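# quick one, fold the following:
(2 chains)
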Number of protein chains: 2
Amino acid sequence: MTATAPSPRTAVRRLPERGAYDRATIDAILDEALVAYVGWVADGQPYVTPVTHWREGDRLYWHASAGSRMIRATSHGEPVCVTAGFVDALVFARSGTNHAMNFRSVMVLGVPHLVADEGEKAASLDALIDHLAPGRAALLRPATAEELRKTAVAWIDLDEASAKVRTGGVNDEPGDEDWPVWAGVVPVSVVRGRPEPDQRSTGPVPAGLGASTARPRPRRSATPR
Amino acid sequence: MTATAPSPRTAVRRLPERGAYDRATIDAILDEALVAYVGWVADGQPYVTPVTHWREGDRLYWHASAGSRMIRATSHGEPVCVTAGFVDALVFARSGTNHAMNFRSVMVLGVPHLVADEGEKAASLDALIDHLAPGRAALLRPATAEELRKTAVAWIDLDEASAKVRTGGVNDEPGDEDWPVWAGVVPVSVVRGRPEPDQRSTGPVPAGLGASTARPRPRRSATPR
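Below you'll find the model as predicted:
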């Protein structure tokens, strides 16, 4: 794994001991987070748009509707910031100030590129599907030219990225340790539940999906409206 | 509950049927999300910073180190965008294009205000603690003047806000329904685990913490891993 040098823009300045710039840490956070938040600017106003993202090597990808305001505002060399993260625990200290979250996040700065080539776009969207469920892309009805045209795929290089990681327990001020209140950590996790096939689903649940390997029974609640 | 009229900037244009502008929907999403993402601009570069947020009535609050770049860059009337959201399910369709996430998010635009009054700042930070664990703020070692000075509390009005909500199951293209692949929904939820007291903790686990009662609404079949 290569290391990303902290740039003046991505260096973690507050609590710098929580900053990390190695690609192993950065990649693991990006690969685990289900969504990312793209910051972009139009008419001086910042916007933060949630996107589905995925990583291929040194590139962070996301997709959006080709006609979306975000894509139109970032198609001509405008910079973006993409941040993804998640909570691992809530930390309850003996003072309000020392309450914290164990949180892992990555911030990436750069100028996005749009994937123009239709074959490259299709392959990259397949990589997203396979990230969510390994091997699934090959089993799907292939994308049409129209679908690919309506979908924009953007990416930025991971060369200006930083991670921020808080782990561990309560860090109280000296003298606060005996304050008579419950203090500790409440773990938080993002959990996938049992897959719910829709009415006409066939075949086994794909490997990698869901919390249980048992074949679930169809539920009415999962049928299309 | 009042309704927020969609502004030209917050109107959900792609799939407008997923847009919601009523405060009940907006407030519920903000109150459930554990973190928010603040978009701000410095030297033309957007940044997206994760923050701990909370809501008091018509105001969305967050805090940060008083000396942080984000606070310095948004202290003089500069606009921000605050987005918070979470995944409720992964939706596996029969084509790549129709894969989706059931996702609930809120986007708020505005110019942030900094809380200057020390008493107001302390009361607002107490509201954050009580949001995470009702009644806890009164049990803590009170904040010192130094702690309050080092903490910036910012807020924006919720008058320019919109929600985007995707619910339900697979929406395949006509003709795709019999494509021979597993299709359905995998529920996703954020789960709080069992509270882990630190070594010198005293007193009972606060009400509202912990795995069984923490979630404000019933979740679907989520099984902790």
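# give me the sheet partners of the one helix or strand residue A:189 maps to and which way each runs.
In the assignment (DSSP states H and E), residue A:189 maps to strand A:184-192. Sheet pairing for strand A:184-192, assigned by DSSP bridges, gives strand A:80-92 (antiparallel), strand B:184-192 (antiparallel), strand B:196-197 (antiparallel).
# off-centre distance for the longest one?
In terms of C-alpha atoms, centre = their mean, to the nearest Å, the centre of strand A:80-92 is set 10 Å apart from its chain centre.
# name the next helix or strand downstream of that strand, please.
Where DSSP H and E defines the elements, the next helix or strand beyond strand A:80-92 is strand A:100-110.
# walk me through the domains of chain A.
Domain assignment for chain A by automatic domain parsing gives A:16-87+A:98-167, A:194-225.
# given the lowest-mean-pLDDT helix or strand in chain A, what are its sheet partners and their directions?
When the helices and strands of chain A are scored by mean pLDDT, DSSP states H and E, strand A:19-20 comes last with a mean of 85. Strand A:19-20 has the following sheet partners, assigned by DSSP bridges: strand A:161-165 (antiparallel).
# chain center to the strand it pairs with, what's the gap?
What separates the centre of strand A:161-165 from the centre of its chain is 13 Å, taken as C-alpha atoms, centre = their mean.
# cool, stretch A:84-102 as well?
So, by C-alpha atoms, centre = their mean, the centroid of stretch A:84-102 is 20 Å from its chain's centroid.
# buried stuff in that stretch?
Within stretch A:84-102, the residues scored as buried using 16 or more other C-beta atoms under 10 Å in any protein chain shown are A:84-102. To be clear about C-beta, it is placed using only N, CA and C from the backbone, and glycine gets the same treatment.
# send over it as CSV, restricted to the C-alpha atoms.
This file holds the C-alpha atoms of stretch A:84-102, laid out as CSV (Å, rounded to 0.1, in the frame of the first residue of the first chain):
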residue,chain,number,x,y,z
ALA,A,84,-17.5,9.2,3.5
GLY,A,85,-17.6,7.9,7.1
PHE,A,86,-19.5,6.0,9.7
VAL,A,87,-19.9,5.8,13.5
ASP,A,88,-18.3,2.9,15.4
ALA,A,89,-19.3,4.0,18.9
LEU,A,90,-20.8,6.7,21.0
VAL,A,91,-18.5,7.7,23.9
PHE,A,92,-20.1,8.9,27.1
ALA,A,93,-17.7,10.8,29.3
ARG,A,94,-18.1,12.5,32.6
SER,A,95,-18.2,16.0,31.1
GLY,A,96,-20.1,17.2,28.1
THR,A,97,-16.9,18.3,26.3
ASN,A,98,-15.3,14.9,26.4
HIS,A,99,-18.3,13.1,24.9
ALA,A,100,-17.2,11.8,21.5
MET,A,101,-17.9,9.5,18.7
ASN,A,102,-15.6,6.8,17.5
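# in stretch A:61-77, what counts as buried?
By neighbour count with 16+ other C-beta under 10 Å, stretch A:61-77 contains the buried residues A:61-64, A:68-71, A:73-74.
# pLDDT averaged over that stretch - what is it?
Per-residue pLDDT values across stretch A:61-77 average out to 97.
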